[in-house]
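Enquirer: no letters, just coordinates:
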């Protein structure tokens, strides 16, 4: 630490670092951003220009791991680097914040969890939705019985002709681990599991499709975040997913699409309970439906929504100081990683998997 401030290194200076983590860290008075690290030095230099709090630019993260002043690292690389960098950092005695998904597979995630346990250091995962005020309120309402029994949850995460960085890292399975399921689905599933108070999976069935951009050069799109299309690149991941899960708490059904031939974007989750139900607009507010004194009620709560990346960052730093295992600790996120493995296995086998 430096003057009681936690010293950090950000490893990976791409898109998620820019819209989420550097802004959050730069507003946190309890930390020092000593290093911005990226294999592409221009990216790290750009972050230093944008955020004057960054002290140094490096291309080799081992420099930061060898620095005794560094307390924690943020691993914001593509998923290919998550496991090795996180384990290297833990073995070097650093606390780790690793973006989602944890890694390619559940076993890799478990290996990371074991290393954190062995090192006696925190390994938190970037499940930012657990710190969104709307999600916190829904989790509290469920815990206090406002829904009665939640028996089913439905979620839709669908876009009209997107597909991020088509032909690039997002659509190259070797680099990304998958498509819309691992990119967007993990956020929705982890949010649902959190609101439900944790779940035990019973059966899982899933179908994935890669139909919209078989010919990258011929694909017409409206928007493409994470960079322009690369016509000579690779697209071997799904852009559409549909499935159904049974758990010990509720059944869960879902449809997700980076791209579809329907010009209606949908980003919401429905929680259906026998006493009340809610529709949450993803990253937004929610409506709650119930009855009171025999009268049907629609409630639209009004509340402040702090930037959840800032809340998430602050919780990580507080956990470093106290040693507390927060809602983002890897031990609380492993089931969200496990479900991805099972969903992809079901899609590959084209059959339901019973656990």
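Expert: Yes, it's here. Bear in mind that the values here come from a model prediction, so they are computed numbers and not experimental data.

Enquirer: look at residue 97 and give its secondary structure.
Expert: Using DSSP: H, G, I helix; E, B strand; the rest coil, the structure places residue 97 in strand.

Enquirer: so how many other residues sit close to it?
Expert: Using other C-beta atoms under 10 Å, residue 97 has 27 other residues around it. Heads up, the C-betas are built off the backbone N, CA and C, glycines and all.

Enquirer: so what pairs up with it in the strands?
Expert: Taking DSSP bridges as the rule, residue 97 bridges to residue 74, residue 124.

Enquirer: for residue 56, see how far away the nearest residue to residue 59 once chain neighbours are set aside is.
Expert: Excluding its sequence neighbours, the residue lying closest to residue 59 (C-beta to C-beta, 6 or more residues apart in numbering) is residue 41, at 5.4 Å. According to C-beta to C-beta, to the nearest Å, residue 41 stands 12 Å off from residue 56.

Enquirer: same question for residue 13.
Expert: For residue 13 relative to residue 56 (C-beta to C-beta), the value is 13 Å.

Enquirer: anything in contact with each of the two?
Expert: Residues touching both residue 13 and residue 56 (C-beta atoms under 8 Å, 6 or more residues apart in numbering) are residue 36.

Enquirer: okay, the two: which has more neighbours?
Expert: Neighbours per residue (other C-beta under 10 Å) separate residue 13 from residue 56, with residue 13 holding more: 28 against 15.

Enquirer: phi, psi for that one please.
Expert: Per-residue torsions, residue 13: phi -110, psi 40 (degrees, to the nearest 10).

Enquirer: list the contacts of it.
Expert: Listed by C-beta under 8 Å, 6+ apart, the contact partners of residue 13 are 36, 37, 38, 40, 43, 44, 46, 47, 76.

Enquirer: does the first one count as helix, strand or coil?
Expert: Following three-state DSSP, we place residue 36 in the strand state.

Enquirer: the chain should start at 33 in everything you say after this.
Expert: That works, and once the first residue is 33, the last one we named lands at residue 68.

Enquirer: now stretch 143-160: how far from the chain's centre is it?
Expert: In this view, stretch 143-160 has its centroid 16 Å away from the chain centroid, taken as C-alpha atoms, centre = their mean, to the nearest Å.

Enquirer: distance between the ends of it?
Expert: Using C-alpha to C-alpha, to the nearest Å, the end-to-end distance of stretch 143-160 comes out at 22 Å.

Enquirer: list the buried residues for that stretch?
Expert: 144-145, 147-148, 151, 153-160 (16 or more other C-beta atoms under 10 Å).

Enquirer: so which of the contacts of residue 45 is the most crowded?
Expert: Within the contacts of residue 45, most neighbours by other C-beta under 10 Å means residue 68, with 29 neighbours.

Enquirer: tell me the confidence at that residue?
Expert: With respect to pLDDT, residue 68 scores 98.

Enquirer: any idea how far it is from residue 189?
Expert: According to C-beta to C-beta, residue 68 stands 31 Å off from residue 189.

Enquirer: same thing with residue 57?
Expert: To residue 189, residue 57 is 27 Å away according to C-beta to C-beta.
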